[in-house]
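Visitor: Need a 3D model of the sequence below.
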Amino acid sequence: MKKLNDLYDYENYKIFQDDNSFKFSLDSILLAEFVDNVHKSDSILELCSGNAAVSLILSYYYSNSIVSFEIQKKIYQLAKESIIVNHKENQINIINDDIKNIKNYFPGNNFDIIVVNPPYFKYVKNSKINNNVTKAIARHELLLTLEQLFNTANYALKNKGSFFLVHIPQRLEEILYLCEKYNIVAKKIQFVYTKNDKDAIIVLIKCVKGAKNGLKVLPPLFIENNKSFKNIFRE
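Guide: Next up, the predicted model:
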């Protein structure tokens with residue numbers, strides 16, 4: 001069932017969600033909050049946008065033009081309605097297509113900032129996936145692999161442009177390998193934990209295309225008792 005909910009605690013922002021197919025998570029909020037050093041002229045691209053929670057949160061803070069890609073028609077429709085209900089049609093342009101087709105829409109080296117909350121889990125022959133196809137596509141690499149994501153980001157991102165990614169720590173080694181392969185250099189890493197005696201649940205990574213090596217690992221973020229995540233990375 002489709003519902004119109006508050007977009008967390010971002011005042012006056014709403015988002016359409018469907019309990020039976022897709023709901024945005026804390027990962028999306030933290031990813032949007034992790035984006036930094038946004039200049040007024042920067043163009044922003046969100047890949048694998050889901051119902052556009054990240055794009056909407058970015059529009060809460062910034063007036064920059066945002067392009068979003070979502071491959072699933074049903075989720076795209078939710079995102080489109082959320083953009084309209086928040087009166088962001090002139091700022092957020094969402095496209096219903098595979099991000100691997102981005103060359104059909106934009107030339108290479110076109111965006112200053114790319115953000116992405118991609119499917120986390122590899123898909124192999126014996127993978128256990130959700131019976132709900134919409135959820136399965138969002139969670140498993142059925143339509144997009146991690147390397148295809150990096151290849152797309154490398155195409156679309158300007159030299160010295162920033163790439164912000166949220167993922168699971170179990171795939172960090174692979175992510176860093178692809179950073180090296182595609183010259184999208186990891187510059188900042190933030191591990192996120194529920195409690196101080198538990199393993200990290202997600203990792204946030206900022207990369208810069210064509211940058212010099214030099215990686216900063218931030219102090220751990222514990223989220224167990226947080227009532228709000230607004231401005232959580234801003235001093």
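Visitor: Start and end of stretch 1-10, how far apart?
Guide: End-to-end distance for stretch 1-10, by CA to CA, to the nearest Å: 23 Å.
Visitor: Tell me the buried residues in that stretch?
Guide: Leu7, Tyr8, Tyr10 (16 or more other CB atoms under 10 Å). The way it works is simple: take the backbone N, C-alpha and C, and place the C-beta from them, glycine included.
Visitor: nearest residue to the last one other than its sequence neighbours?
Guide: Right, the one you point to is Tyr10. In space, and not counting its chain neighbours, Tyr10 is closest to Tyr60: 4.9 Å by CB to CB, 6 or more residues apart in numbering.
Visitor: ok, which stretches of the chain are strands?
Guide: Using DSSP state E, the strands of the chain run over 2-6, 14-18, 44-47, 66-69, 92-95, 111-116, 157-167, 184-193, 202-209, 216-217, 221-222.
Visitor: Each with direction, which strands does the third one pair with?
Guide: When pairing is defined by DSSP bridges, strand 44-47 lines up against strand 66-69 (parallel), strand 111-116 (parallel).
Visitor: want to try CSV for those strands, with mean neighbour count, mean pLDDT and distance to Ile168 as columns?
Guide: Formatted as CSV, the strands paired with strand 44-47 follow (neighbours: other CB atoms under 10 Å; pLDDT from 0 to 100; distance: least, CB to CB, whole Å):
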stretch, mean neighbour count, mean pLDDT, distance to Ile168
strand 66-69, 25, 98, 21
strand 111-116, 24, 98, 14
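Visitor: will you turn these into JSON lines that also has distance to His140?
Guide: Formatted as JSON lines, the strands paired with strand 44-47 follow (distance: least, CB to CB, whole Å):
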{"stretch": "strand 66-69", "distance to His140": "18"}
{"stretch": "strand 111-116", "distance to His140": "16"}
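Visitor: Of all the ones you listed, which one comes closest to Phe16?
Guide: Nearest to Phe16 among those is strand 66-69 (14.4 Å), distances taken as CB to CB.
Visitor: pretty sure Glu224 contacts Lys198?
Guide: No - using CB atoms under 8 Å, Glu224 is not in contact with Lys198; the gap is 9.1 Å.
Visitor: Would you pull up how far stretch 177-187 lies from the middle of the chain?
Guide: 17 Å (CA atoms, centre = their mean, to the nearest Å).
Visitor: tell me which helix or strand of this protein sits lowest on mean pLDDT?
Guide: In the chain, no helix or strand scores lower on mean pLDDT, DSSP states H and E than helix 133-139, which sits at a mean of 73.
Visitor: Can you name every helix or strand that it contacts?
Guide: With contacts taken as 3 or more CB pairs under 8 Å, 6 or more residues apart in numbering; DSSP states H and E, helix 133-139 sits against helix 73-85.
Visitor: which parts of the helix it packs on are buried?
Guide: Within helix 73-85, judged by 16+ other CB under 10 Å, the buried ones are Lys74, Ile75, Tyr76, Gln77, Leu78, Ala79, Lys80, Glu81, Ser82, Ile83.
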